[in-house]
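S.K.: I would like the atomic coordinates for the input below:
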Amino acid sequence: MSKRAELEGVHRVYREHCGEWEFFRTAYLGGREWEEAGLLYRYVHELGPEFAERLRQTPMENHCKSVVHTYSGFIWRVPPKRSFGALEGNRAAAALNGNADKEGGSLNEVMKEVQIWSSVFGCVWVVMDKPAVRGATKGDEISRDIRPYLKVYFPVHVLDWRFEESGSGCYELTYLKVRERVDGADGSVCGGWVYRVWTRERVEVWRVDGRDDEAVLVSEGVNEVGVVPAVVHYNTKPLERGVAVSDLQDVARMQRSMYNDMSELGQMVRGSNHKTLVKNRGDDASTGAGGVIVMHEDTVPEKKPYLLQADAEALLGLLQALEMKVEMINRMAHLTPVRTYRSQVASGVAIETEFQILNTLLAEKAAQLAVTENQLFKIFCRWEGVDYDAANVVVTYPQRFELRDRRADLDFLVRAKEVTAKIGSPTLQREIDRQLARVVLERDDVLEVVEGELGGG
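M.R.: Predicted coordinates for the structure are as follows:
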């Protein structure tokens, strides 16, 4: 087997899920990507130009992006807390926190990117790499910005990987291969591919330029940290190593169904507003309001021209189907409480249950982010030659998301305070005041002060 064939080999999971990952990416991006995917169902005998025009004219409401960014908005409303411990004065750690990807993105911004794309794909890979060049001293490296930094890879970029069980019973990543497209000298996207391969012992970079060219070794070196410096971040608990459930696995398919409904809706509107004229080949007809038809002199009365009118009543049924599918998306994503205008009165227990389900989902996502970031700092300590356990780096993400109907809760607590005032229990009144503060205040630091003033636990 040639080296190029070896580099182009993919993992079984990649082969099974690559097409689905591309579909999720297209559904999230929308716009030109969605149009060029040609996701409308073609009519029988529909020609290419006609299909292309229908694709161009059909709008798409991007529910996938809305769902992903709704989750992200809740998770990042309160930023994570980081205690760097022994790394508090480490200049590389400070640089990582302020410019994690060496492109101006802070650590929070990069982790938010990780969270968003893992919501799309189900997982993403985060590599903590360091330039191969070295400075004369540690201060020289810092001044030249030679330090660990983060690089995010989508699952479609990671061709192969291998986990092996260690002596302690846990699984360790021992092999990783990613592929990146590089631009040509003229700025085109046909420049070729770069393959980066990590093992615990070696790091290699290969390049393939032409379709028939053999792979060329660009660089190789010793893996200084002794581990593959990458972490796979899962959206939720993984199905197996290297793949997890995307938030869009059902929403994207429903979005495609609605996209086709919108195309049908457009066709119906045009059919309702523009009647179809059926006439003989030899008849002369003009278009527009009050158009004139000059019948051929040989036309028999039974073959006089007539108009076909589309069934406008079908429009109502299609609009109702679209509304139903939007409600289905909200239920799939557990976003009914925050994305739906309620036409029916729901019980307080039902609303509270919906909020609790969403809160649990967000808490699971936040917990996965904390796990990933702590694993990344473990790799960072290896790059810096610091013992991770002794460094005592702690990263925590919010685990409680106050998703509640504030107005309803406020009305209830105010009434409860009025009713229970006759009981004469200071403890009860203090607890109601505490609950009122939790509804009104959003900042945790201010809430802690108010609860301290109220006294008691």
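S.K.: from now on I want contacts and neighbour counts done on CA atoms only, so please keep to that.
M.R.: OK.
S.K.: any stretches of the chain with poor pLDDT?
M.R.: Per-residue confidence for the chain (pLDDT under 70) gives these ranges: 1, 184-191, 271-297, 299, 301-313, 340-351, 402-406, 442-445, 456-457.
S.K.: can you map out the strands along it?
M.R.: For the chain, the strands defined by DSSP state E occupy 81-83, 123-129, 149-153, 158-165, 171-182, 192-199, 202-208, 216-222, 230-234, 276-278, 284-285, 293-294, 306-308, 394-396.
S.K.: I'd like the ones you listed as a markdown table, with mean neighbour count and distance to L436 appended.
M.R.: Formatted as a markdown table, those follow (neighbours: other CA atoms under 10 Å; distance: least, CA to CA, whole Å):
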| stretch | mean neighbour count | distance to L436 |
| --- | --- | --- |
| strand 81-83 | 13 | 26 |
| strand 123-129 | 22 | 39 |
| strand 149-153 | 20 | 42 |
| strand 158-165 | 17 | 50 |
| strand 171-182 | 18 | 47 |
| strand 192-199 | 20 | 54 |
| strand 202-208 | 19 | 57 |
| strand 216-222 | 13 | 59 |
| strand 230-234 | 23 | 37 |
| strand 276-278 | 13 | 65 |
| strand 284-285 | 12 | 74 |
| strand 293-294 | 12 | 76 |
| strand 306-308 | 11 | 64 |
| strand 394-396 | 16 | 26 |
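S.K.: who wins for proximity to I329 among the ones you listed?
M.R.: strand 123-129 (21.3 Å; CA to CA).
S.K.: quick check: can you name the pairing partners of the closest one and their directions?
M.R.: In the sheet, strand 123-129 lines up against strand 149-153 (antiparallel), strand 230-234 (antiparallel) (DSSP bridges).
S.K.: nearest to V203, out of those strands?
M.R.: V203 sits nearest to strand 230-234 of all the strands paired with strand 123-129, at 12.5 Å, using CA to CA.
S.K.: and that closest one with strand 171-182, angle?
M.R.: 90 degrees (axes from the mean of the first three to the mean of the last three CA atoms, to 10 degrees).
S.K.: domain parsing for the chain?
M.R.: Using automatic domain parsing, the domain ranges for the chain come out as 3-250+364-396, 276-308, 405-454.
S.K.: of those, flag the one that's most buried.
M.R.: domain 3-250+364-396 (a mean of 17; mean count of other CA atoms under 10 Å).
S.K.: and it, how far from the chain's centre?
M.R.: Relative to the mean C-alpha coordinate of its chain, domain 3-250+364-396 is positioned 13 Å out (CA atoms, centre = their mean, to the nearest Å).
S.K.: still on that earlier bit, could you dump the strands of the chain into CSV and include distance to L316?
M.R.: Output for these, formatted as CSV (distance: least, CA to CA, whole Å):
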stretch, distance to L316
strand 81-83, 51
strand 123-129, 40
strand 149-153, 45
strand 158-165, 46
strand 171-182, 48
strand 192-199, 51
strand 202-208, 55
strand 216-222, 61
strand 230-234, 42
strand 276-278, 21
strand 284-285, 32
strand 293-294, 33
strand 306-308, 20
strand 394-396, 50
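S.K.: out of those strands, flag the one nearest R253.
M.R.: Distance to R253, taken as CA to CA, is lowest for strand 123-129 among those, at 19.0 Å.
S.K.: mind listing residues that contact that closest one?
M.R.: For strand 123-129, contacts defined as CA atoms under 8 Å, 6 or more residues apart in numbering pick out 114, 117-118, 148-155, 158, 229-235, 242-246, 376, 379-380.
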